[in-house]
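Peer 1: predicted model follows, preceded by the sequence.
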Amino acid sequence: MTEKIITISNRAGIHARPAAMIVQAIKNYRCDIFLEKDSNRINAKSIMGIITLAAGYGTEIRIIADGEGEEAAVETIVRLFESKFEEE
């Protein structure tokens, strides 16, 4: 299992476009991938699940992956967060 905590740094937070970017980026990974905020854990391959986290600017998100390619999957998501989803 690979985990990483990241802080949302784009001002708009996670809305439909970033959620779609996450799902698109990880769709081919065979591992289980989750995003966790507080005690809410959702499947990171679900746009609606990601949106229901209601994760705004400054929120800490835990990325959790387990299975084949887990480290690469986590790094793929981290890069999206670090790029601020190309919004800024």
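Peer 2: Yep, it's here. Numbers count the residues shown, from 1 in each chain.
Peer 1: any chance you could map the strands in the chain?
Peer 2: Applying DSSP state E to the chain gives strands spanning 2-7, 32-37, 40-43, 60-66.
Peer 1: closest to residue 22 out of those?
Peer 2: Nearest to residue 22 among the strands of the chain is strand 32-37; the distance by Cβ to Cβ comes to 7.9 Å. The C-beta positions use only the backbone N, C-alpha and C, and glycine is treated the same way.
Peer 1: and the closest one, what other elements does it pack with?
Peer 2: strand 40-43, strand 60-66, helix 70-82 (3 or more Cβ pairs under 8 Å, 6 or more residues apart in numbering; DSSP states H and E).
Peer 1: for the closest residue to residue 13 other than its chain neighbours, give me its contacts.
Peer 2: Spatial nearest neighbour of residue 13, chain neighbours left out: residue 56 (3.8 Å); criterion: Cβ to Cβ, 6 or more residues apart in numbering. Each residue near residue 56 by Cβ atoms under 8 Å, 6 or more residues apart in numbering is listed here: 8, 13, 14.
Peer 1: Provide the count of other residues in contact range of the last one.
Peer 2: Residues within reach of residue 14, counting by other Cβ atoms under 10 Å, total 24.
Peer 1: how much space between the nearest residue to it once chain neighbours are set aside and residue 1?
Peer 2: Nearest non-adjacent residue to residue 14, counting by Cβ to Cβ, 6+ apart: residue 55, 4.4 Å away. Distance of residue 55 to residue 1, given as Cβ to Cβ, to the nearest Å: 21 Å.
Peer 1: which one of these two is surrounded by more residues?
Peer 2: residue 55 (21 against 10).
Peer 1: any idea of the mean pLDDT in stretch 26-43?
Peer 2: Stretch 26-43 shows a mean pLDDT of 97.
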